[in-house]
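In: For reference, the sequence and a predicted model appear below.
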Amino acid sequence: MTRSYVATFMITGLVAGTLLTWQFLSKAPLKLNFPSDEIKAKEDLLKSYLDEQSYLMSKIVSLRKDVETAQSKVETGTQTANFSLLDELKRNIGLTVISGPGLEVTLDDGHFLTREDRTEVNNTNLVQASDLRDVVNILNAARADAISINDQRIIATSPISSVGTTIMVNNSHIAPPFVISAIGDTNMMVERLLNKNLLLDIYTRRAKSNIGFEIMKKSGITIGIYNGDLKSNYLNLVKK
């Protein structure tokens, strides 16, 4: 009896254990996904990455605008500097119209004389090219900003010469009276022109009424651009 009871008990326990195990396995869910906390961590990490990426993109756009603004300012400053330099160069070679206070110096031949009647005219009664050059040199020494003779703009290379009784400025014929216009420090220019030692021959001939010589201050003078040839005999192209 005892052995039969033990065997029956063992078989019953084995069957019951098997049934319980089968029942447990059939009801347990099959977990194929990550744990919820790990998924949440990954979602937070992805959101943080996307937020940082958006911030960096906006920062790049902002910095790019700053670069464009700075570049525009540099280009504007460069252009302004270049234009200023160009204007100064054009001014120095007489390619800009200049207006301002100045003076007019008028040189004229003696009365009742004509340059065409060479038999009755001697050199002391005529304004010479050298007279014009002397006045122009004094005005340049007085730092005149611009000079013209009968509307012919005078620059460093302007020829003032004569052929017989004909006077040429910038290779153009001009006739008396010769009006020399100058813009600059009026007081300085007048002071130099009134110095008889600098223009001794002109003052001597004026005293004898051989020629006319007058100086007049002007509150506003306009001197046009140089319209002669721009020679470049001494300019060489430098290759870098």
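Out: All right, it came through fine.
In: Identify the residue spatially nearest to residue 95, adjacent ones excluded.
Out: residue 225 (5.4 Å; Cβ to Cβ, 6 or more residues apart in numbering). Using the backbone N, CA and C atoms, a C-beta is placed for each residue, glycine as well.
In: what does the model give that neighbour for pLDDT?
Out: pLDDT, residue 225: 86.
In: Please list all residues in contact with residue 161.
Out: Contact partners of residue 161, counting by Cβ atoms under 8 Å, 6 or more residues apart in numbering, are 129, 167-168.
In: Please pull out the lowest mean pLDDT helix or strand from the chain.
Out: Least confident element among the helices and strands of the chain, by mean pLDDT, DSSP states H and E: helix 2-27 (a mean of 51).
In: domain parsing for the protein?
Out: Using automatic domain parsing, the domain ranges for the chain come out as 35-92, 97-223.
In: And the helices in the chain, which stretches?
Out: If DSSP state H is used as the criterion, the helices of the chain fall at 2-27, 36-92, 129-141, 186-193, 200-207.
In: Compare those and say which comes out lowest on pLDDT.
Out: helix 2-27 (a mean of 51).
In: Please give the number of neighbouring residues around residue 133.
Out: 15 (other Cβ atoms under 10 Å).
In: Name the nearest residue to it, ignoring sequence neighbours.
Out: Using Cβ to Cβ, 6+ apart and skipping residues adjacent in sequence, the residue nearest residue 133 is residue 160, 5.0 Å away.
In: can you check residue 184 too?
Out: Nearest residue to residue 184 in three dimensions, chain neighbours excluded: residue 144, at 4.0 Å (Cβ to Cβ, 6+ apart).
In: next one: residue 172
Out: Nearest to residue 172 is residue 152, by Cβ to Cβ, 6+ apart, at 6.1 Å.
In: roughly how far apart are residue 106 and residue 211?
Out: 10 Å (Cβ to Cβ, to the nearest Å).
In: The two: which is more packed in?
Out: Neighbours were counted for residue 106 and for residue 211 using other Cβ under 10 Å; residue 211 has more, 23 against 16.
In: quick one, what contacts that one?
Out: Residue 211 sits in contact with 107-110, 124-127, 131, 202, 205, where contact means Cβ under 8 Å, 6+ apart.
In: got TSV for those residues, with neighbour count and distance to residue 89 too?
Out: Formatted as TSV, the contacts of residue 211 follow (neighbours: other Cβ atoms under 10 Å; distance: Cβ to Cβ, whole Å):
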residue	neighbour count	distance to residue 89
107	22	31
108	16	36
109	20	38
110	17	42
124	13	42
125	17	42
126	21	38
127	26	33
131	21	31
202	22	34
205	22	39
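In: Okay, and the beta partners of the closest residue to residue 128 other than its chain neighbours?
Out: Spatially, and ignoring its direct neighbours in sequence, residue 128 is nearest to residue 162 (6.8 Å; Cβ to Cβ, 6+ apart). Bridge pairing for residue 162 (DSSP bridges) gives the partners residue 167.
In: Quick check: residue 162 vs residue 169, distance?
Out: 10 Å.
In: what about these two, which has more around it?
Out: When residue 162 is set against residue 169 and neighbours are counted by other Cβ under 10 Å, the residue ahead is residue 169, at 23 against 14.
In: wait, the more buried one sits on residue 152?
Out: Yes. With contact defined as Cβ atoms under 8 Å, residue 169 counts as touching residue 152 (4.4 Å).
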